[in-house]
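Visitor: structure, please.
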Amino acid sequence: MPLHITATDADHPSALLDLPWDVPLEEWPEESLVALPRGISRHVVRFARAGDEVVAIKEVSQWAAEREYGLLRDLDRLAIPAVDPMAVVTGREAADGTPLEPALITRHLGGSLPYRAMFETTMRTGTVNRLLDALAVLLVRLHLVGFAWGDCSLSNTLFRRDAGAYAAYLVDAETGQLQPELSRGQREYDIELARVNIAGELMDLEAGGSLHPSVDPVTFGEAIAARYGDLWHELTRESVYPASKRHYIDRRIRRLNDLGFDVAEMQIERSPEGDTVTFVPKVVDAGHHQRQLLRLTGMDTEENQARSLLNDLESWMATQDDYAPTGRLTADGFPGARPEVLAHRWVRQVFRPAVRAVPLEKRRGMDPAQLYHELLEHRWYLSERAQHDVGLDATVVSYVADVLPHVPDPTSPLPAED
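Guide: Residues are numbered from 1 along each chain as shown. Okay, the predicted model is just below:
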């Protein structure tokens, strides 16, 4: 049977052909391999260089390779963080004609490490919590699209920092199942498997003296399940709001913030019943909001100011007709405007008019970013009290009349001490 490579990218089979497919993967020569950390696996897995790329190769049966290849392509289509499927190699034979197992090839995710390898190092408490949150986000996103993993573990999950964001990626989809929707029992079973697998691997690391003493295997496994439950509830509870009550959306964003998550993406769909809102959460590093706001708008602010302004920007962008999340189309079937374009439109049409509506002599020395943050806080308070979105115009009037007179002027001299 001739060697056959089924690949997603026509540019790469030629590079893949140069690899020693007539040798069992476990016996590949060192010059063909790349030394990278990997988790434990029931199959033989190696990293190799194919042309300019580093790839992960796993020996597995043809049925399993083709099935996992298809599932990974489905997850990519659904915009789920997972490794990129590259090819399936079948028809392998040794030099003496002995059949060899087929292989599944995926692209190595640059800058990533297996979760298991992360726990073999000394980590601060904050890093441990972000690892936990990122894994909870991945599990929720998988379940939202109807994917039951069936084998979540520290070895089957990659962790990567990307521009201040923390993200977990699925590596092994061999045991997964993709359905239109998961039942509560299926989700709970998947989470229980994850809890047991994760706690078990941490105990294995602990027994080998590789686990930091501050990490308790059982507690960490239980914490994953708890964080998943909190996030699942906040993202899936009923979220259809009357168009006049935008502050309800702000309330949801604040609750996600309180849980430790930020909004990576938000979609608002119009219907006769009201606005249906969908959120995609993310886990971020310190200073992420400052960098993001600076990149989008050119405004250099403090971290909490940036977070507040980005939340408002994201809410506003989701209401624009030419907005579409990255890689998707607008409701009219056209590519969405770039985030930078929408961000500068928000600065011109929303941010600057609101700030300029506050008389310069009454601003008490506040810079524009702080003033707008104060306006957003006041708008939230007024909208909650009125039970409908009062809008920025009414907010500015109320803020100038009722709040600013009571704000201390930082430029005033301090009272003399007795």
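
Visitor: please identify the helix or strand for residue 319.
Guide: Counting by DSSP states H and E, no helix or strand carries residue 319.

Visitor: three-state assignment of the closest residue to residue 71 other than its chain neighbours?
Guide: Nearest in space to residue 71, with sequence neighbours left out and distances taken as CB to CB, 6 or more residues apart in numbering, is residue 173 at 4.3 Å. (Each C-beta comes from the backbone N, C-alpha and C, glycine too.) Classification of residue 173 using DSSP: H, G, I helix; E, B strand; the rest coil returns coil.

Visitor: state the distance from residue 173 to residue 105.
Guide: For residue 173, the distance to residue 105 (CB to CB, to the nearest Å) stands at 14 Å.

Visitor: any idea of the mean pLDDT in the longest helix seen in the chain?
Guide: Counting residues, the longest helix in the chain under DSSP state H turns out to be helix 184-207. Per-region confidence: helix 184-207 scores 92 on mean pLDDT.

Visitor: what does that helix contact?
Guide: For helix 184-207, the external contacting residues (CB atoms under 8 Å, 6 or more residues apart in numbering) are 40, 116, 119-120, 139, 143, 148-155, 182, 211, 215, 217-218, 220-222, 224-225, 228, 232.

Visitor: now these: which count as buried?
Guide: 116, 119-120, 139, 143, 148-155, 182, 211, 215, 217, 220-221, 224-225, 228, 232 (16 or more other CB atoms under 10 Å).

Visitor: still on that earlier bit, tell me what angle the next helix or strand after the longest helix of the chain forms with helix 184-207.
Guide: On the C-terminal side of helix 184-207, the nearest following helix or strand under DSSP H and E is helix 217-236. Angle, helix 217-236 to helix 184-207, by axes from the mean of the first three to the mean of the last three CA atoms, to 10 degrees: 150 degrees.

Visitor: just checking, what packs against helix 217-236?
Guide: helix 125-144, helix 184-207, helix 247-259, strand 274-284 (3 or more CB pairs under 8 Å, 6 or more residues apart in numbering; DSSP states H and E).

Visitor: may I see the buried residues of the longest one?
Guide: I take that to be helix 184-207. 186-187, 190-191, 193-195, 197-199, 201-202, 205-206.

Visitor: go ahead and confirm residue 210 touches residue 120.
Guide: Yes - taking CB atoms under 8 Å as the definition, residue 210 is a contact partner of residue 120 at 4.6 Å.

Visitor: ok, back up a step: number of nearby residues for the residue nearest to residue 71?
Guide: By other CB atoms under 10 Å, the residues close to residue 173 number 29.

Visitor: how near is it to residue 131?
Guide: Taken as CB to CB, the span from residue 173 to residue 131 is 21 Å.

Visitor: and what of residue 141?
Guide: Residue 141 is 16 Å from residue 131, by CB to CB.

Visitor: and for residue 384?
Guide: Relative to residue 131, and taking CB to CB, residue 384 is found at 35 Å.

Visitor: of those two, who's got more company?
Guide: residue 131 (23 against 14).

Visitor: residues in contact with that one?
Guide: Residue 131 touches 115, 118, 123, 159, 166, 168, counting by CB under 8 Å, 6+ apart.

Visitor: so the last one lies in a helix, does it not?
Guide: No - under the criterion used here (three-state DSSP), residue 168 is strand, not part of a helix.

Visitor: dump the residue contacts of it.
Guide: 81, 115, 131, 134-135, 137-138, 157-159 are the contacts of residue 168 under CB under 8 Å, 6+ apart.

Visitor: identify, from those residues, the entry nearest to residue 407.
Guide: residue 137 (38.1 Å; CB to CB).

Visitor: three-state assignment of the closest residue to residue 32 other than its chain neighbours?
Guide: Nearest non-adjacent residue to residue 32, counting by CB to CB, 6+ apart: residue 48, 5.4 Å away. Three-state assignment for residue 48 (three-state DSSP): strand.

Visitor: I figured residue 48 hits residue 35, correct?
Guide: No - using CB under 8 Å, residue 48 is not in contact with residue 35; the gap is 10.8 Å.

Visitor: which one's more surrounded, these two?
Guide: Ranked by neighbour count (other CB under 10 Å), residue 48 and residue 35 place residue 48 first, with 21 against 7.

Visitor: how close does the more buried one get to residue 403?
Guide: Where residue 403 is concerned, residue 48 sits at a distance of 63 Å (CB to CB).

Visitor: what does residue 158 give?
Guide: Taken as CB to CB, the span from residue 158 to residue 403 is 48 Å.

Visitor: of the two, who's got more company?
Guide: Neighbours were counted for residue 158 and for residue 403 using other CB under 10 Å; residue 158 has more, 25 against 15.
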